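[1] fold the following.
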Amino acid sequence: MKGICKENTAQNLDLNEATSIPNQEHTFPLTIGKEYLIMAIGVYKDTNYLYYLVDDEHTPFWIPYELFKISDEAFPPNWHINVIDKTKYSERTRYFLSGFYELCTDENFYDALAHGESKALDTYWKRKKEFQQWYVEREAGRKLYQKEAKVYYSINDQELLPIKETIAIRYSETSIDIEKLKKIIVDKWKSNVLYEFYYDQGNRGENLYNIISNELSNYASDLAKEKTCDAQKKLNRPDIRLNWYDNYPKSDVRSIGFEVLLLLAEVGWGTPIEELTTDDIPMILEFLDTPPGKSLEAWEKWEKYWANLDYPARRKKLLES
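    The predicted structure follows:
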């Protein structure tokens, strides 16, 4: 989370809310117009007023939230929340903390940081460096989720083993070849080529459906493997695993190709016959033909289509035919 400083004095603050501020002549160590990395959010126990933990490159400070305009709402990984029991810890000044691990889990860390203790400050700067690196990687489309970095979870500052995670597929800026996907649907499924081939071999009923579904899944999986290789090349990470379910938002038309590809890739043996049939082909092709700028409307229609299907009736019809 980041914010741009709008003001650096308490002149326009309500001191009945911002109770930690001595007077409205108070000046904060901030530069107007500068973007700050917000390391944590705190709330006083006797008010609902928010404070942001930022720094001037030398010392961390808790600053009233009204002095900032949020410029980036994203929280980095390993962001934690701690709601403090006011009845149990009546001496605490804050009852809510949200930020890096040690601040939210070590009950002594807040005071240690406020008093400028060296160990607490070292941890703060370490966490800030990690957060900054995450933002750099995110902006570059390479959210690496600490693959090579060591992740520190211990409040005693002990190093744990590296944690390896996946990269969201969207960060590779890879997109699905819609025409190739439509060709699979039309040539292999709509044309009844697969149906006729396996029917002639003596397959019937749900077994026939499962065989055709499995073939479709294989074609889609091959396309997915092709896209995986493309993504790994773009990221220059040939061995990294990709999270296919963490792709583009629905407002991005590229999300549609991934939705259909995953739909086809996941059918196969054991999939109920009523879940995906040739009756769905017109809707699928229409969805794939969505033009840029119309993605949200297309998604709404797509989701309503599947939600409104009468699956028992579809199953009965298929079994009868």
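
[2] quick one, what contacts the residue nearest to residue 203 when sequence neighbours are not counted?
    If the residues on either side of it in the chain are set aside, residue 203 comes closest to residue 211, at 5.7 Å by CB to CB, 6 or more residues apart in numbering. Bear in mind the C-beta positions are built from the backbone N, C-alpha and C, glycine included. Applying CB atoms under 8 Å, 6 or more residues apart in numbering, one finds that residue 211 lies in contact with 194, 198, 203.

[3] any chance of those in TSV, plus secondary structure and distance to residue 49?
    As requested, the contacts of residue 211 are exported to TSV (DSSP: H, G, I helix; E, B strand; the rest coil; distance: CB to CB, whole Å):
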residue	secondary structure	distance to residue 49
194	helix	64
198	helix	68
203	coil	69
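
[4] reformat those as a markdown table; add pLDDT, neighbour count and distance to residue 228.
    What follows is the contacts of residue 211, written out as a markdown table (pLDDT from 0 to 100; neighbours: other CB atoms under 10 Å; distance: CB to CB, whole Å):
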| residue | pLDDT | neighbour count | distance to residue 228 |
| --- | --- | --- | --- |
| 194 | 76 | 19 | 25 |
| 198 | 76 | 18 | 28 |
| 203 | 76 | 16 | 31 |
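
[5] what is the nearest of those residues to residue 300?
    Nearest to residue 300 out of the contacts of residue 211 is residue 194 (CB to CB; 31.3 Å).

[6] what sits against the nearest residue to the closest one once chain neighbours are set aside?
    Leaving aside its sequence neighbours, residue 194 sits nearest to residue 212 (CB to CB, 6+ apart; 4.8 Å). For residue 212, the contacting residues are 189, 194, 195, 198, by CB under 8 Å, 6+ apart.

[7] tell me the spacing between residue 212 and residue 279.
    Distance of residue 212 to residue 279, given as CB to CB, to the nearest Å: 14 Å.

[8] again with residue 40
    53 Å.

[9] for the lowest-mean-pLDDT helix or strand in the chain, which strands pair with it and how are they oriented?
    When each helix and strand of the chain is scored by mean pLDDT, DSSP states H and E, strand 167-168 comes last, with a mean of 76. In the sheet, strand 167-168 lines up against strand 242-243 (parallel) (DSSP bridges).

[10] contacts for the partner strand?
    Taking CB under 8 Å, 6+ apart as the rule, strand 242-243 contacts 166, 167, 168, 169, 172, 228, 231, 232.

[11] of those, closest to residue 207?
    For these, the residue nearest residue 207 by CB to CB is residue 228; the value is 30.7 Å.

[12] relative to residue 220, how far out is that closest one?
    13 Å.

[13] so the two - more neighbours on which side?
    Taking neighbours as other CB atoms under 10 Å, residue 228 and residue 220 compare with residue 220 leading, 22 against 17.
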